[in-house]
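K.L.:
below are the sequence and a predicted model for it; my questions follow.
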Amino acid sequence: MKRIAITAVVFFLVSALSVAAQGIDQEKKTVGFLFGTIHPRNQNGVPVTDQAGKPLSIELALGTAFFVGYPDPRRGPTNSFIYLVTAKHVLEDADGTFLKEVKVRLNLKDASGGKQWDYLSLQVSDLNGNLLWFHDTDAATDVAIAPLLPDQKKFDFLAIPTVMFADDPLLKSEKVVEGDSLNFVGLMSQYYGDSKNYPVVRRGTLALMTDEEIDTPTGRQHAFIAELASWPGNSGSPVFLNLGGFREGAVIAGMNLHLLGILSGSFLNKVKGTTVDTASIMSGNDLNTGISFIIPAGQIKKILDSQPAQQYRDMQIEKLLAPK
């Protein structure tokens, strides 16, 4: 297993643009599966221990991540920095602290052998537990991003270019509304493949768009609400908006895909009420409602546009241009 330091690199993005044209097969190539070691805790917060009283360490599938390409014309019009994106909570241990590292499982281009996947190891936090991945200043924003370019000769993957992001201008110009078609591609914890990664594909519709922030497990944040059932392992999956087919009284041939955002989680069957003395109570249960919330792709772009991310790209360009 190869350890990859968090460094930015330049990638020729010619094949990545085909994601928009080719559909599901290309979408699958944008995702990787995240694995890590967690330390489970009881409901009272006490670590779960083995028979010898030692806290348990369990390695398991954590969730999904996907590749995006951020253009940088300083090295040519087709060059981009490549990043790995996931939901930030996927990188957390059971106690809410960040893991030290995760492993990214990706399919190999050479399918002649028995095992057609391999791991890359990525550092997540420093010795003080600080998250090393790029993230928003608002702690509630459930997005984490790390520079990562796997070996393009070894691994079979594609990056989603930022031109495919469903930003606010596109949502308005295309008159995106509730009922429009969505799908996500990601890891299903119950089965993700033995010989290679097999992402699950689930379809649904955009259920609610609002200018207001909504309550999510990581805090109040801007999110889309979708009729799109998700389960543990799906967190961090890319959610695609399909503007093809029958829309606005016209038929658009083929698929017209855009990245709507990141699948962050599902709503449970719980509602909050207030008693006459203003105390808050929760009613309901922990059943999955089949309704998910999606962090907009604009939040990814916001983080990649931020000063820390730009400074990092500047440093990498300086290294590339430095005299040998």
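P.N.:
Yep, that arrived.
K.L.:
below-threshold pLDDT in this protein: ranges please.
P.N.:
Where the chain drops to pLDDT under 70, the residues are 1-22, 245-255, 267-289.
K.L.:
scan it for its longest helix.
P.N.:
Longest helix in the chain, counting residues (DSSP state H): helix 307-321.
K.L.:
in that helix, what counts as buried?
P.N.:
A309, Y312, R313, Q316, I317 (16 or more other Cβ atoms under 10 Å). (C-beta placed from N, C-alpha, C; glycine too.)
K.L.:
how about the last one, what does it touch?
P.N.:
Applying Cβ atoms under 8 Å, 6 or more residues apart in numbering, we find I317 in contact with D72, R74, R75.
K.L.:
can you give me the helices in the chain?
P.N.:
Using DSSP H, the helices of the chain run over 19-22, 24-29, 168-173, 297-305, 307-321.
K.L.:
so which of those is nearest P161?
P.N.:
Closest approach to P161 among the helices of the chain is made by helix 19-22 (7.8 Å; Cβ to Cβ).
K.L.:
am I right that S264 is in contact with I295?
P.N.:
Yes - using Cβ atoms under 8 Å, S264 makes contact with I295 at a distance of 5.1 Å.
K.L.:
what about D168, neighbour count?
P.N.:
The local packing of D168 (other Cβ atoms under 10 Å) involves 9 other residues.
K.L.:
wouldn't it be in contact with G298 here?
P.N.:
Yes - using Cβ under 8 Å, D168 is in contact with G298, at 6.5 Å.
K.L.:
let's have the contacts of I317 in TSV, adding distance to W133 and neighbour count.
P.N.:
Converted to TSV, these look like this (distance: Cβ to Cβ, whole Å; neighbours: other Cβ atoms under 10 Å):
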residue	distance to W133	neighbour count
D72	19	18
R74	23	12
R75	23	16
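K.L.:
pick the one among those residues closest to D142.
P.N.:
D72 (26.1 Å).
K.L.:
residues contacting that closest one?
P.N.:
For D72, the contact set (Cβ under 8 Å, 6+ apart) comprises V10, N79, S80, F81, R313, I317.
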